[in-house]
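Colleague: Mind folding the following:
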Amino acid sequence: MNILASPKGMPTLLTTRFGKYQPDGPLAAAEEAGAWQSWKKTVGSTNPPALVRLIADSGLRGRGGAGYPTGDKWRAAAANSADERYVVANGFEADPGARLDRTLMETDPHTVVEGVAIAAYAIGARRAFIAVRERATLARQRLETVVRLAEEAGYIGSNALGTGVDIHIEVVAVPGGMVVGEETVLLRAIQNKRAQPEQRPPYPTDKGLYGRPTVVNNVETLSLVPWIVANGSKAFAQIGDSDNPGTTLIQITGAVTSPGIVEVPLGMSIRRLLDICGGFGDAKAVLVGGPAGGFLPPAELDTLYTAAALNEKGALWGSGSLVVAGPQTCLVDMATTLERYLSDESCGKTIPCRIGVRRLYEIGMRATAGLSRPQDVQNMQDLAADVRDAALCGLEYCAPNPLLSGMRYFADEFNAHFTHGTCPAGVCNPVRVASPAMTPATSA
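Modeller: Reported below is the predicted structural model:
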């Protein structure tokens with residue numbers, strides 16, 4: 001995936017070391033580029049509660065899509081009196097086509113591993129895991145190389161840097177589909193259990209991996225931690241949105257001139273994000289948040305890229321992706337395709353997800369074939385409400401988004417399919433069924 005240059009004057013925290021050292025090269029080269037300096041500054045000399053306070057004061061929020069305050073999560077796990085705690089770095093990156101986490105792990109693996117080590121030290125965890133997709137071979141190999149080099153240098157492992165601190169980090173290749181990206185499913189998958197979500201509460205910070213308090217953070221979240229330790233919470237808090245400080249990686253694809261990955265401060269408008277890739281032009285919509293995201297029309301492009309603002313508009317942060325749909329795209333067809341994918345990826349634990357999302361797909365299929373039934377629109381809305389009310393995970397809760405956001409902003413196009421059996425984009429091939437009165441008479 002092409003790495004785009006951030007606009008002039010914008011701070012870069014995650015990509016600043018991209019290309020400055022060989023990811024699977026010697027440790028000294030990475031250190032010369034700045035790796036492990038925050039760890040050396042922290043371990044054994046910084047009080048863990050003070051480190052948790054530092055992250056909380058920075059305002060860092062999770063980059064996995066929900067935007068939960070990282071400091072609150074660390075504090076909850078650290079306060080638990082259990083005999084063992086864990087840190088899990090979520091690099092599974094469940095959405096198809098998403099390459100943000102993988103690019104980060106492949107290009108600057110030292111930052112990822114260093115951030116994991118600092119998080120483990122902060123909450124008093126002796127063991128940590130970096131979970132990657134089974135097929136992300138290069139990312140896994142480079143992370144394993146970094147862990148080995150850090151252990152050989154005495155930075156992590158037993159008695160790290162002679163401080164008496166034990167930090168053991170393991171890279172875990174996890175099989176499975178989209179649902180594994182949800183934190184409770186990921187924890188079950190690491191333990192070789194069936195990939196299904198758990199009821200919450202209790203939350204992983206109380207009862208997570210092996211029944212112990214566990215902090216689950218996205219790898220991008222943890223990759224920002226060394227920068228915060230090195231530069232301070234105030235410096236981080238001054239970047240981006242006041243309630244969502246710092247930078248994030250965005251992946252922009254589809255009908256744009258220059259698709260790729262770019263690092264930007266949080267709180268930018270979607271319009272400005274698209275300008276980096278050549279602008280929205282005459283496109284029809286932008287899908288924000290991956291396959292379970294929402295379609296936004298040109299009139300909503302000034303929406304700020306924060307979890308709260310996107311949720312309000314029917315989209316979501318999700319995988320950090322923007323897919324621009326060109327003017328000839330049929331959004332009913334696209335939304336239906338997304339519903340099919342989400343139905344296929346459902347683990348089936350709850351009936352509304354196992355059956356309801358499939359019915360949503362079938363409603364969309366009827367619309368694209370010109371065979372809609374009079375109650376389909378109402379049934380779609382009722383099913384969407386049932387699916388969300390029963391949701392145990394993000395996939396289930398967000399599954400109705402493509403159809404609902406399409407109906408919300410592109411009512412004319414959807415009504416053309418549902419009511420008139422026509423496709424304004426000329427993509428679908430509606431089949432009209434003649435009424436009995438129009439059926440030609442046949443001879444006996």
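Colleague: residue boundaries of the helices in the stretch 1-150 of the chain?
Modeller: In chain order, the stretch 1-150 of the chain shows helices spanning 27-32, 37-42, 48-58, 70-79, 100-107, 109-123, 137-152, with DSSP state H, counting those that start in this stretch as the criterion.
Colleague: which of those sits most buried?
Modeller: Burial among those, expressed as mean neighbours by mean count of other CB atoms under 10 Å, is greatest for helix 109-123, which shows a mean of 28. Any C-beta I mention is one placed from the backbone N, CA and C, and that applies to glycine too.
Colleague: Can I get that helix in CSV? Just the C-alpha atoms.
Modeller: As requested, the backbone C-alpha atoms of helix 109-123 are provided in CSV (Å, rounded to 0.1, in the frame of the first residue of the first chain):
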residue,chain,number,x,y,z
PRO,A,109,8.0,-3.1,14.3
HIS,A,110,10.3,-1.7,17.0
THR,A,111,7.8,0.9,18.0
VAL,A,112,5.1,-1.7,18.3
VAL,A,113,7.1,-4.0,20.6
GLU,A,114,8.4,-1.0,22.6
GLY,A,115,4.9,0.2,23.2
VAL,A,116,3.8,-3.2,24.3
ALA,A,117,6.7,-3.4,26.8
ILE,A,118,5.8,0.0,28.3
ALA,A,119,2.1,-1.0,28.6
ALA,A,120,3.1,-4.2,30.4
TYR,A,121,5.4,-2.4,32.8
ALA,A,122,2.7,0.2,33.5
ILE,A,123,0.1,-2.3,34.6
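Colleague: sorry, back to before: okay, the helices of the stretch 1-150 of the chain in a markdown table with mean pLDDT next?
Modeller: Written out in a markdown table, the entries for the helices of the stretch 1-150 of the chain read as follows (pLDDT from 0 to 100):
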| stretch | mean pLDDT |
| --- | --- |
| helix 27-32 | 97 |
| helix 37-42 | 96 |
| helix 48-58 | 97 |
| helix 70-79 | 97 |
| helix 100-107 | 96 |
| helix 109-123 | 98 |
| helix 137-152 | 98 |
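Colleague: Can you check which strand is longest in this protein?
Modeller: Ranked by residue count, the top strand of the chain under DSSP state E comes out as strand 165-174.
Colleague: and it, which strands flank it?
Modeller: According to DSSP bridges, strand 165-174 has the following sheet partners: strand 127-133 (parallel), strand 157-160 (antiparallel).
Colleague: so how far is stretch 106-116 from its chain's centroid?
Modeller: Relative to its chain's centre, stretch 106-116 lies at 18 Å (CA atoms, centre = their mean, to the nearest Å).
Colleague: Hmm, I typed the wrong one, I wanted stretch 374-390.
Modeller: Relative to its parent chain, stretch 374-390 has a centroid offset of 26 Å by CA atoms, centre = their mean.
Colleague: same question, stretch 335-351
Modeller: Taking CA atoms, centre = their mean, one finds stretch 335-351 lying 17 Å from the centre of the chain it belongs to.
Colleague: Report the buried residues of it.
Modeller: For stretch 335-351, a neighbour-count test (16 or more other CB atoms under 10 Å) marks 335-343, 345-347, 349-350 as buried.
Colleague: With stretch 78-87 instead?
Modeller: Neighbour-count burial for stretch 78-87, with 16+ other CB under 10 Å as criterion, is recorded at 78, 80, 85, 86, 87.
Colleague: who's in contact with the closest residue to the last one other than its chain neighbours?
Modeller: Of all residues beyond its chain neighbours, the one nearest residue 87 is residue 128 (4.0 Å), with distances taken as CB to CB, 6 or more residues apart in numbering. Residues touching residue 128, when contacts are defined by CB atoms under 8 Å, 6 or more residues apart in numbering, comprise 86, 87, 88, 89, 116, 117, 119, 120, 167, 168, 169, 170.
Colleague: can we see that at 10 Å?
Modeller: Taking CB atoms under 10 Å, 6 or more residues apart in numbering as the criterion, residue 128 is in contact with 85-89, 113, 116-117, 119-121, 147, 156, 167-170, 214-215, 222.
Colleague: ok so, going back, let's have the strands paired with strand 165-174 in JSON lines, adding mean pLDDT and distance to residue 47.
Modeller: JSON lines is the format used below for those (pLDDT from 0 to 100; distance: least, CB to CB, whole Å):
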{"stretch": "strand 127-133", "mean pLDDT": "97", "distance to residue 47": "20"}
{"stretch": "strand 157-160", "mean pLDDT": "96", "distance to residue 47": "16"}
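Colleague: a markdown table please, covering those strands and showing distance to residue 241.
Modeller: Conversion of the strands paired with strand 165-174 to a markdown table gives the following (distance: least, CB to CB, whole Å):
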| stretch | distance to residue 241 |
| --- | --- |
| strand 127-133 | 28 |
| strand 157-160 | 35 |
